[in-house]
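# All I have is the shape, not the residue letters:
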């Protein structure tokens, strides 16, 4: 009897598919009783027609990524999402839960080589490119600036002092990096080494912001499924979790395999950027999420403003499917590169 299919959807610019490709190439899906099918979707936010023109300051996103929409439409079984996106989808009435941690998947704020911005304090009055004002990277950047950079807290905080260019796509941001159309940009972490090598300047490593805000945690992004899938297929869910752990362990311990995977996944990758790229991956990836992480995530939410949604939010632990998250599991240890320049 053939193994049941588990359908996953990811963005081509993200890093979760590195784990998924390892699962398939190493036969970890078959070893754990399922067959993995991977679909790739564009990273551009696509608001439903009825929601276009909504207030961009509204805390609940009015647009879903295509991979998210595929999960909502039951066309796939698994996606990756940060906890803010998962909260937003649940707040919109979608019965989804996280089944496994992926890691501290946070990007960076950079200045293009031709930008006058040299440090965070230069940002007021400048143009900042981002996917969305509600994106986790921008919200954490603002929270950090409001708490640790007193010169940026005037006039309602950093968010009110910049011109936010919401481009709706990380790929669009990178494509316009040298256009002169913006003075700073939020980028995904896998894009960072190549951008720095080409002359961009690092303003803030957002992966270090949670710790600076008093929330030392192992993961902000997770693999997410529909609740009906979780309830109907516990063996398949467990198999997927174990395959993810095995793939992460393999890529951590076998650098040569990791390098071959990256070069095969993106043939444009400069081999000179592989060392910083691996360092960034090792600092972010996590298959652990302990009770201390849940408490830290709750503290992190409290630092974010405006509120995450209109009205009360459900308890944070409802985002995580029991029994797949084990509070007794210790959080992983991560390195601590410099926070900002």
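Received, thanks. Keep in mind that what you see is a predicted model, and the values were worked out from it rather than measured.
# Could you name the helices and strands sitting against the longest helix along the chain?
Assignment by DSSP state H gives helix 234-253 as the longest helix of the chain. With contacts defined as 3 or more CB pairs under 8 Å, 6 or more residues apart in numbering; DSSP states H and E, helix 234-253 has these neighbours: helix 16-25, helix 28-31, strand 96-103, strand 221-226, helix 255-265. C-betas here are computed from N, CA, C, even on glycine.
# who touches the first one?
In this structure, residues lying in contact with helix 16-25 by CB atoms under 8 Å, 6 or more residues apart in numbering are 8, 10, 28-29, 36, 38, 40, 80, 102, 223, 243-244, 246-248, 250-251, 257, 261-262, 265, 281.
# Using neighbour counts, give me the buried entries of those residues.
Neighbour counting by 16 or more other CB atoms under 10 Å classes 8, 10, 28-29, 36, 38, 80, 102, 223, 243-244, 246-248, 250-251, 261-262, 281 among those as buried.
# which residues sit in contact with residue 67?
9, 10, 11, 39, 41, 76, 79.
# Out of the residues you listed, grab the one that's most surrounded.
residue 79 (29 neighbours; other CB atoms under 10 Å).
# which SS state does that one fall under?
Under DSSP: H, G, I helix; E, B strand; the rest coil, the three-state class of residue 79 is strand.
# Residue 323: neighbour count?
Around residue 323 there are 7 residues (other CB under 10 Å).
# Can you verify it is assigned to a helix?
No - per three-state DSSP, residue 323 lies outside any helix segment and is coil.
# That one and residue 83: what is the separation?
Distance, residue 323 to residue 83, by CB to CB, to the nearest Å: 19 Å.
# Return the residues in contact with the residue nearest in space to the middle of the chain.
For the chain, residue 105 is the residue whose C-alpha lies nearest the centre (CA atoms, centre = their mean; 4.2 Å). By CB under 8 Å, 6+ apart, the contact set of residue 105 is 14, 15, 80, 82, 189, 219, 220, 221, 284.
# change it to 10 Å
Residue 105 is in contact with 14-16, 80-82, 136-137, 188-190, 206-207, 219-222, 284-286, counting by CB atoms under 10 Å, 6 or more residues apart in numbering.
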